[in-house]
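Chemist: what follows is a predicted structure for the sequence shown.
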Amino acid sequence: AARRATGSTRLNDASSRSHAILTLVVERRRQLVEQEGEDVRASQHVAMVRSKIHCVDLAGSERLKRSGATGARLKEGIHINAGLLALGKVIAALCEQKDENDRGHVPYRESKLTRLLQDSLGGTARTCMLACVSPDAADAAETATTLGYAARARRIRNAVVANAFNQ
């Protein structure tokens, strides 16, 4: 967090102006055993289960007129909004799929964000989204947009599968 640049707009004095992704990969390995008659010994094969956890903090979408951003802050806001738009397109495409055999085009390649989250969004993962909203009446439009975004994301159905394999 110390290396993240911050900048101010009319809406936020110290915004990081970026998305943040923390990815944890957890592996559990277990030595398999072989048995020949009464003889039991360790096998050369290992059973492994791999889990990946993405903790994602999305930068908030900002209406550029309301934020008063100019120059570099304006470019940052445009990039943030473009990434959120690409994520919205992916969520919409995944919501349209009737079942796992209905594989229409999902535009994962439109942004780095959607490429990084591809396995979590439409893969075999369990996905949870927390939406942060404001109770302030001045933020009603952004709150409604965020809630709509979360409602669409909630309709995504993944076929959750354990990532277990033998080596």
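Modeler: Sure thing, it's come through.

Chemist: in the longest strand along the chain, what counts as buried?
Modeler: Using DSSP state E, we find that the single longest strand of the chain is strand 39-57. Buried residues in strand 39-57, defined by neighbour count with 16 or more other CB atoms under 10 Å: residue 56. In short, each C-beta sits where N, CA and C put it, glycine included.

Chemist: which element is residue 120 on?
Modeler: Using DSSP states H and E, residue 120 sits within helix 118-122.

Chemist: the helix or strand following that helix: which residues count as buried?
Modeler: For helix 118-122, the following helix or strand on the C-terminal side (DSSP H and E) is helix 140-154. Neighbour counts over helix 140-154 (16+ other CB under 10 Å) mark 142-143, 145-146, 149, 153 as buried.

Chemist: if we can go back for a sec, okay, the longest strand of the chain in CSV with CA atoms only?
Modeler: Output of strand 39-57 as CSV, limited to C-alpha atoms (Å, rounded to 0.1, in the frame of the first residue of the first chain):
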residue,chain,number,x,y,z
ASP,A,39,3.8,-54.6,2.5
VAL,A,40,2.7,-50.9,2.8
ARG,A,41,5.2,-48.2,1.7
ALA,A,42,5.1,-44.6,0.5
SER,A,43,4.4,-44.1,-3.1
GLN,A,44,6.2,-41.8,-5.5
HIS,A,45,2.8,-40.2,-6.3
VAL,A,46,1.5,-37.2,-4.4
ALA,A,47,-2.2,-36.1,-4.2
MET,A,48,-2.6,-32.4,-4.4
VAL,A,49,-5.5,-30.0,-3.9
ARG,A,50,-4.9,-26.4,-5.1
SER,A,51,-7.0,-23.4,-4.1
LYS,A,52,-6.8,-19.9,-5.3
ILE,A,53,-8.3,-16.9,-3.5
HIS,A,54,-8.6,-13.5,-5.2
CYS,A,55,-9.3,-10.6,-2.9
VAL,A,56,-10.2,-7.7,-5.2
ASP,A,57,-10.8,-4.1,-4.3
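
Chemist: since that was my last question, I'll sign off now.
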